[in-house]
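Enquirer: Turn this into a model:
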Amino acid sequence: IDTCQAGACASGVPVRSAGSEVVGYRGIVRDISEEVAREADLRRSEAVLEQAQRLTRVGSFTSDIETGEVRWSDEQSRLLGYQPGEVTPAAEAFYARVHEDDREAVRDAFRALAQTGEPMALGYRVVLPDGMVRHLDGVAELRRDVDGRPAELVGATQDVTERLEAESRVRRSEERLRAVVDSVGDGITLLSRDGTGDWANDAFHRMVGYTPEELAAPGPVALFDHRTVRDAVRWLRAANGPDDMTLPRSYPMRLHRKDGTILTAEATPSILRDGDKVIGMLSVIRDTTERDQLQAQVEAATLEVAQILQTAPIPIIVIEEDGTISMANPRTLDTFGWTPEELVGRDVSVLAAGLDPISHREYIQRYQETGAASEPHGPMLGRTLEVVARRRDGSEFPVEVSVTEMHDPGGRRRYLGVVTDLTERKRAEP
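Expert: Numbers count the residues shown, from 1 in each chain. This next block holds a predicted model:
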């Protein structure tokens with residue numbers, strides 16, 4: 001008798017009488033319940049390992065150094081494009097799937113592992129039977145016996161195709177975004193949570209004259225004035241804290257260029273968050289140096305015109321392109337009965353007899369488009385014309401008008417009208 005069941009194994013021989021009749025059995029019974037439990041646990045562990053490898057796309061392999069026997073897990077076979085049990089695991093079957101451009105590098109890596117015993121890590125491609133290319137990451141190490149001799153090669157392989165494709169998509173997206181950001185004319189900067197510079201686009205580097213390497217190098221680069229740095233740190237701290245803070249839509253600032261000159265700029269800041277976590281502050285910075293210089297020129301020119309208007313002994317009026325009065329000197333009160341403040345914003349036709357605002361705007365528009373004026377006076381610019389004016393009380397009187405076109409430093413076109421009252425001259429005429 002030799003049988004095992006229900007956690008026990010029995011072995012025995014029959015006991016016979018003198019007449020060879022079986023009168024009993026003699027043997028031993030061995031409890032194997034613990035062995036059965038261990039085998040069950042091993043099978044469960046192997047099943048869990050196989051399931052885990054399938055879910056994570058990780059295969060394993062071993063190679064006996066002495067016998068040359070190669071063993072693959074089921075997932076290792078699938079990663080190489082074989083069904084489990086389809087082929088006998090061997091180096092030839094493995095290299096048949098490795099991409100031809102990667103084959104020699106893989107061979108060299110395994111040779112180095114065998115010679116040096118140093119663990120191996122290598123990425124390579126395999127070509128499946130349907131032509132699909134997959135990317136694998138392989139690791140392997142050499143195990144030694146108790147005497148220190150190489151005994152077995154053990155390794156694992158993971159399919160990283162989806163991860164690499166996702167990383168490639170992210171890189172392409174970042175490259176497209178960077179191309180867009182670098183193509184804009186405004187500077188764009190990113191400050192980290194502690195207020196230190198983290199990144200800037202090409203336009204910003206051109207703006208300040210520093211290369212990315214110079215800005216990234218250790219040591220202070222005093223780009224921003226103290227007020228700008230102080231406010232940026234205050235905004236970031238407020239954003240990190242319990243109290244929310246509204247950032248200004250526009251923030252004037254001064255930048256110190258590498259050549260020592262000062263650049264005036266205007267920033268539009270915004271807090272960047274990853275969920276509820278503040279990761280930094282993004283600012284779009286526009287160089288306003290030329291605009292500010294131009295504005296200063298305009299203000300200086302405006303002041304000069306205003307000074308001339310205030311001191312002139314006759315009425316002088318500045319007219320915008322739409323026909324409205326933007327400036328007038330005090331003499332308009334004596335001549336027309338309107339104070340300068342009352343005239344500003346009104347259409348200049350209030351000072352001309354027989355001319356309504358609509359007709360006057362049409363006249364100006366026609367002149368701006370064609371350079372031609374309406375009858376009966378013909379072109380007025382550069383000429384002195386005698387026309388009939390109208391006072392605030394509606395009375396009419398003769399005047400002499402000289403209109404000059406002028407442009408301020410910003411390119412805006414305006415008209416300067418100089419008016420001479422002819423009432424006394426007309427009375428003296430015979």
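
Enquirer: which element is the residue nearest to the spatial centre of the chain on?
Expert: In the chain, the centroid-proximal residue (Cα atoms, centre = their mean) is L177; its distance is 5.5 Å. Here L177 is covered by helix 161-183, with elements defined by DSSP states H and E.

Enquirer: for Y415, same thing?
Expert: Taking DSSP H and E as the criterion, the element that holds Y415 is strand 413-421.

Enquirer: From the contact counts, what lies against that strand?
Expert: In terms of contacts (3 or more Cβ pairs under 8 Å, 6 or more residues apart in numbering; DSSP states H and E), strand 413-421 is packed against strand 316-319, strand 396-407. Using the backbone N, CA and C atoms, a C-beta is placed for each residue, glycine as well.

Enquirer: most tightly surrounded among these?
Expert: strand 316-319 (a mean of 22; mean count of other Cβ atoms under 10 Å).

Enquirer: I'd like to know which elements that strand is packed against.
Expert: Against strand 316-319 (3+ Cβ pairs under 8 Å, 6+ apart) you get helix 289-311, strand 325-328, strand 413-421.

Enquirer: quick one: average confidence on the first one?
Expert: Mean pLDDT, taken over the full extent of helix 289-311, equals 77.

Enquirer: do the same with the last one
Expert: For strand 413-421, the mean pLDDT works out to 87.

Enquirer: List the buried residues in that strand.
Expert: R414, Y415, L416, G417, V419, D421 (16 or more other Cβ atoms under 10 Å).

Enquirer: May I have the predicted confidence score for the residue nearest to the centre of the chain?
Expert: pLDDT, L177: 75.

Enquirer: how far away is it from E165?
Expert: From L177 across to E165, the span is 19 Å (Cβ to Cβ, to the nearest Å).

Enquirer: same thing with V181?
Expert: For V181, the distance to E165 - Cβ to Cβ - is 24 Å.

Enquirer: who has more neighbours, those two?
Expert: Neighbour totals were compared for V181 and E165, and V181 leads with 17 against 11 (other Cβ atoms under 10 Å).

Enquirer: Only alpha carbons, please: show stretch 295-313 as PDB.
Expert: Taking Å, rounded to 0.1, in the frame of the first residue of the first chain, the C-alpha atoms of stretch 295-313 are listed here in PDB:
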ATOM      1  CA  GLN A 295       4.000 109.900 -23.200                       C
ATOM      2  CA  ALA A 296       6.400 112.300 -21.600                       C
ATOM      3  CA  GLN A 297       7.000 113.900 -25.000                       C
ATOM      4  CA  VAL A 298       3.200 114.200 -25.500                       C
ATOM      5  CA  GLU A 299       2.800 115.700 -22.100                       C
ATOM      6  CA  ALA A 300       5.600 118.200 -22.800                       C
ATOM      7  CA  ALA A 301       4.100 119.100 -26.100                       C
ATOM      8  CA  THR A 302       0.700 119.500 -24.600                       C
ATOM      9  CA  LEU A 303       2.100 121.700 -21.900                       C
ATOM     10  CA  GLU A 304       3.800 123.800 -24.500                       C
ATOM     11  CA  VAL A 305       0.600 124.200 -26.500                       C
ATOM     12  CA  ALA A 306      -1.300 125.100 -23.300                       C
ATOM     13  CA  GLN A 307       1.200 127.700 -22.400                       C
ATOM     14  CA  ILE A 308       0.900 129.200 -25.900                       C
ATOM     15  CA  LEU A 309      -2.900 129.200 -25.600                       C
ATOM     16  CA  GLN A 310      -2.900 130.800 -22.300                       C
ATOM     17  CA  THR A 311      -0.700 133.800 -23.300                       C
ATOM     18  CA  ALA A 312      -2.100 134.400 -26.800                       C
ATOM     19  CA  PRO A 313      -4.000 137.700 -27.200                       C
END
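
Enquirer: ok, back up a step: could you look up the next helix or strand downstream of the helix holding L177?
Expert: Following helix 161-183 toward the C-terminus (DSSP H and E): strand 187-191.

Enquirer: Which residues does that following strand contact?
Expert: Residues outside strand 187-191 that contact it (Cβ atoms under 8 Å, 6 or more residues apart in numbering): 181, 197-201, 203-204, 207-208, 232, 236, 265, 272, 280-287.

Enquirer: buried stuff in it?
Expert: G187, I188, T189, L191.

Enquirer: Least confident of the residues you listed?
Expert: The minimum pLDDT among the buried residues of strand 187-191 falls on L191, with 82.

Enquirer: my guess is W72 meets P89, correct?
Expert: Yes - applying Cβ atoms under 8 Å, one finds W72 in contact with P89, separated by 4.3 Å.

Enquirer: quick one, what contacts the residue nearest to L142 when sequence neighbours are not counted?
Expert: Counting by Cβ to Cβ, 6 or more residues apart in numbering, G117 is the residue found nearest to L142 once chain neighbours are left out, at 4.8 Å. Contacts for G117 (Cβ under 8 Å, 6+ apart) come out as L142, R144, P150.

Enquirer: Tell me which of the helices and strands packed on strand 316-319 lies nearest to R392.
Expert: With respect to R392, and counting by Cβ to Cβ, the nearest of the helices and strands packed on strand 316-319 is strand 325-328 at 12.7 Å.
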